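Asks: the sequence and its predicted three-dimensional model are supplied below.
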Amino acid sequence: MYSFLGKIGIMGGTFNPIHIAHISMAEAAYRQAGLDKVVFMPSKNPPHKQDISIIPEKHRKAMIKLAISGIPYFEYSDFEFEREGITYSANTLEILCKMHPENKYYFIMGGDSFFQIENWYMPEKIMEFTTLLVINRNGSNKEQLLVHSRSLKEKYNAKVMFVDMPRMDISSSGIRKLISSGGNATRYLPLKVAEYIKDNKCYM
């Protein structure tokens with residue numbers, strides 16, 4: 001990633017495949033947090049998904065680029081793909097902040113991940129180097145989110161912002177299952193991504 005003075009949202013994940021809820025999350029974060037850019041950064045070997053078959057990097061990369069094409073404030077990054085071994089968010093964020101201390105980073109995550117963050121690798125580093133942008137797309141109770149936020153602030157001096165977004169019951173695992181069973185997942189995917197999956201027989 002190049003040096004860019006501003007507020008940068010990091011949208012991580014396996015994106016296996018990227019779907020419309022990912023795009024909606026990034027849009028909501030961009031607008032409500034006043035970000036300058038959202039960087040889509042796919043994970044190479046996510047530690048919490050070692051038992052899941054992940055489609056080759058070239059396909060995930062191509063689908064992300066298709067999904068965000070034409071949106072000037074969205075950007076793709078190979079930052080984690082280029083690193084060896086298991087990629088941890090804590091390490092990635094620490095490296096980014098040391099490389100470009102002029103930037104302010106925001107880590108975009110869903111409410112489900114927010115409740116699990118203390119189980120991640122070195123969560124204190126994630127909360128040291130970024131502001132958590134929490135998107136409640138899975139219908140979690142707002143009061144529970146606030147209670148957890150207060151707890152993280154007390155333990156880690158965490159910086160937490162909440163982003164409002166309509167509930168979208170879409171998941172990459174559900175899309176993969178639907179496609180593999182012969183179903184049509186087009187309504188859950190950006191059009192170019194749906195076409196790419198069909199043309200390349202992904203998840204079939």
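Replies: Here it is on my side, so go on.
Asks: which parts of the chain are helices?
Replies: The residue ranges that make up the helices of the chain, judged by DSSP state H, are 20-32, 57-68, 89-99, 111-116, 123-129, 142-156, 172-180, 191-200.
Asks: need those helices in TSV with mean neighbour count and distance to Gly6, can you?
Replies: The way it works is simple: take the backbone N, C-alpha and C, and place the C-beta from them, glycine included. Rendered in TSV, the data for these read as follows (neighbours: other Cβ atoms under 10 Å; distance: least, Cβ to Cβ, whole Å):
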stretch	mean neighbour count	distance to Gly6
helix 20-32	19	12
helix 57-68	19	18
helix 89-99	18	13
helix 111-116	17	24
helix 123-129	19	16
helix 142-156	13	25
helix 172-180	16	29
helix 191-200	16	27
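Asks: nearest to Val163, out of those helices?
Replies: Taking Cβ to Cβ as the criterion, helix 20-32 is the member of the helices of the chain that comes nearest to Val163, at 4.9 Å.
Asks: which one of the helices of the chain lies closest to Leu5?
Replies: Using Cβ to Cβ, these put helix 89-99 closest to Leu5, at 13.2 Å.
Asks: give me phi/psi at Tyr203?
Replies: phi 70, psi 10 (degrees, to the nearest 10).
Asks: excluding its backbone neighbours, what's nearest it?
Replies: In space, and not counting its chain neighbours, Tyr203 is closest to Ile179: 4.2 Å by Cβ to Cβ, 6 or more residues apart in numbering.
Asks: low-scoring stretches of this protein, by residue?
Replies: Segments of the chain classed as low confidence (criterion: pLDDT under 70) are 1-4, 45-52, 137-140.
Asks: mind redoing it with 80?
Replies: 1-5, 45-53, 84-85, 137-141 (pLDDT under 80).
Asks: give the residue farthest from the middle of it.
Replies: Among the C-alpha atoms of the chain, the one farthest from their average position, using Cα atoms, centre = their mean, is that of Gly182, at 27.1 Å.
Asks: that one and Met204: what is the separation?
Replies: Look at Gly182 and Met204: by Cβ to Cβ, to the nearest Å, they are 8 Å apart.
Asks: and for Asn103?
Replies: When distance is defined by Cβ to Cβ, Asn103 is 40 Å away from Met204.
Asks: and what of Ile179?
Replies: With distances defined as Cβ to Cβ, the gap from Ile179 to Met204 amounts to 6 Å.
Asks: with Gly111 instead?
Replies: 32 Å.
Asks: same deal with Glu75?
Replies: Distance, Glu75 to Met204, by Cβ to Cβ: 30 Å.
Asks: what do you get for Ala194?
Replies: Spatial separation of Ala194 from Met204 under the definition Cβ to Cβ is 13 Å.
Asks: circling back: looking at Glu75 and Met204, which is more packed in?
Replies: For Glu75 versus Met204, the count of surrounding residues by other Cβ atoms under 10 Å is larger for Glu75: 18 against 11.
Asks: what sits against that one?
Replies: Contacts for Glu75 were tallied using Cβ atoms under 8 Å, 6 or more residues apart in numbering; they are Lys37, Val38, Val39, Phe40, Ile68.
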